[in-house]
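Chemist: Return a 3D structure for these sequence lines:
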Amino acid sequence: MQMLRYRKYKEVKDTAKLGFCYNPECTIPNGQVERSKTFYCSRCRNVTYCSRDCQKADSTIHKHECDKFIAEIAKFEAKKQS
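Modeler: Sure, this is the predicted structure:
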(Lines give C-alpha, C1' and ligand atoms only; values in the text may rest on other atoms or scores of the structure.)
Protein backbone atom coordinates (compact mmCIF):
# COMPACT_ATOMS: atom_id res chain seq x y z
CA MET A 1 0.00 0.00 0.00
CA GLN A 2 2.77 2.45 0.91
CA MET A 3 4.69 1.56 -2.22
CA LEU A 4 1.62 2.33 -4.32
CA ARG A 5 1.27 5.75 -2.67
CA TYR A 6 4.95 6.45 -3.21
CA ARG A 7 4.69 5.57 -6.90
CA LYS A 8 1.69 7.85 -7.30
CA TYR A 9 3.49 10.64 -5.45
CA LYS A 10 6.56 10.20 -7.63
CA GLU A 11 4.42 10.18 -10.79
CA VAL A 12 2.75 13.46 -9.84
CA LYS A 13 6.02 15.11 -8.75
CA ASP A 14 7.79 14.07 -11.95
CA THR A 15 5.05 15.39 -14.22
CA ALA A 16 6.06 18.67 -15.85
CA LYS A 17 3.88 21.55 -14.68
CA LEU A 18 2.84 23.71 -17.61
CA GLY A 19 2.56 27.46 -17.81
CA PHE A 20 1.48 29.69 -20.65
CA CYS A 21 3.22 32.40 -22.59
CA TYR A 22 1.14 35.59 -22.41
CA ASN A 23 2.42 36.87 -25.76
CA PRO A 24 -0.34 36.24 -28.35
CA GLU A 25 2.32 36.11 -31.09
CA CYS A 26 4.30 33.32 -29.36
CA THR A 27 5.49 30.65 -31.77
CA ILE A 28 5.35 27.80 -29.24
CA PRO A 29 2.27 25.59 -29.89
CA ASN A 30 -0.60 26.79 -27.67
CA GLY A 31 1.92 28.96 -25.82
CA GLN A 32 2.50 26.11 -23.38
CA VAL A 33 5.87 25.94 -21.70
CA GLU A 34 7.23 24.13 -18.65
CA ARG A 35 6.43 26.39 -15.70
CA SER A 36 9.95 26.23 -14.28
CA LYS A 37 11.21 27.83 -17.50
CA THR A 38 8.80 30.77 -17.60
CA PHE A 39 9.67 34.41 -17.08
CA TYR A 40 7.34 36.64 -15.04
CA CYS A 41 6.65 40.29 -15.65
CA SER A 42 8.95 41.97 -13.13
CA ARG A 43 6.42 44.71 -12.35
CA CYS A 44 3.12 42.94 -11.78
CA ARG A 45 4.32 39.32 -11.52
CA ASN A 46 0.90 38.47 -12.94
CA VAL A 47 1.79 37.16 -16.41
CA THR A 48 4.39 34.73 -17.70
CA TYR A 49 6.37 34.41 -20.91
CA CYS A 50 8.29 31.55 -22.47
CA SER A 51 11.35 33.73 -23.12
CA ARG A 52 12.74 37.23 -22.65
CA ASP A 53 12.20 37.78 -26.39
CA CYS A 54 8.46 37.04 -26.06
CA GLN A 55 8.29 39.29 -23.02
CA LYS A 56 10.01 42.10 -24.88
CA ALA A 57 7.78 41.65 -27.95
CA ASP A 58 4.64 41.93 -25.80
CA SER A 59 5.87 44.75 -23.56
CA THR A 60 4.08 47.61 -25.32
CA ILE A 61 0.76 45.78 -25.21
CA HIS A 62 1.14 44.43 -21.68
CA LYS A 63 2.33 47.75 -20.24
CA HIS A 64 -1.21 49.18 -20.24
CA GLU A 65 -2.66 46.14 -18.46
CA CYS A 66 0.30 46.07 -16.10
CA ASP A 67 -0.23 49.72 -15.13
CA LYS A 68 -3.89 49.01 -14.31
CA PHE A 69 -2.97 45.95 -12.27
CA ILE A 70 -0.28 47.85 -10.32
CA ALA A 71 -2.80 50.64 -9.60
CA GLU A 72 -5.28 48.06 -8.24
CA ILE A 73 -2.60 46.58 -5.99
CA ALA A 74 -1.73 50.07 -4.70
CA LYS A 75 -5.41 50.77 -3.92
CA PHE A 76 -5.71 47.46 -2.09
CA GLU A 77 -2.55 48.09 -0.07
CA ALA A 78 -3.72 51.60 0.84
CA LYS A 79 -7.08 50.27 2.04
CA LYS A 80 -5.38 47.53 4.00
CA GLN A 81 -3.22 50.03 5.89
CA SER A 82 -6.07 52.41 6.79
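
Chemist: What distance do you get for residue 79 to residue 29?
Modeler: 42 Å (Cβ to Cβ, to the nearest Å). (C-beta placed from N, C-alpha, C; glycine too.)

Chemist: swap that for residue 17, please
Modeler: For residue 17 relative to residue 29 (Cβ to Cβ), the value is 17 Å.

Chemist: Mind checking which of the two has more residues around it?
Modeler: More crowded of residue 17 and residue 29, by other Cβ atoms under 10 Å: residue 17, with 10 against 7.

Chemist: so how far is residue 33 from that one?
Modeler: Taken as Cβ to Cβ, the span from residue 17 to residue 33 is 10 Å.

Chemist: Next: residue 26.
Modeler: 9 Å.

Chemist: can you list residues touching both of the two?
Modeler: residue 50 (Cβ atoms under 8 Å, 6 or more residues apart in numbering).
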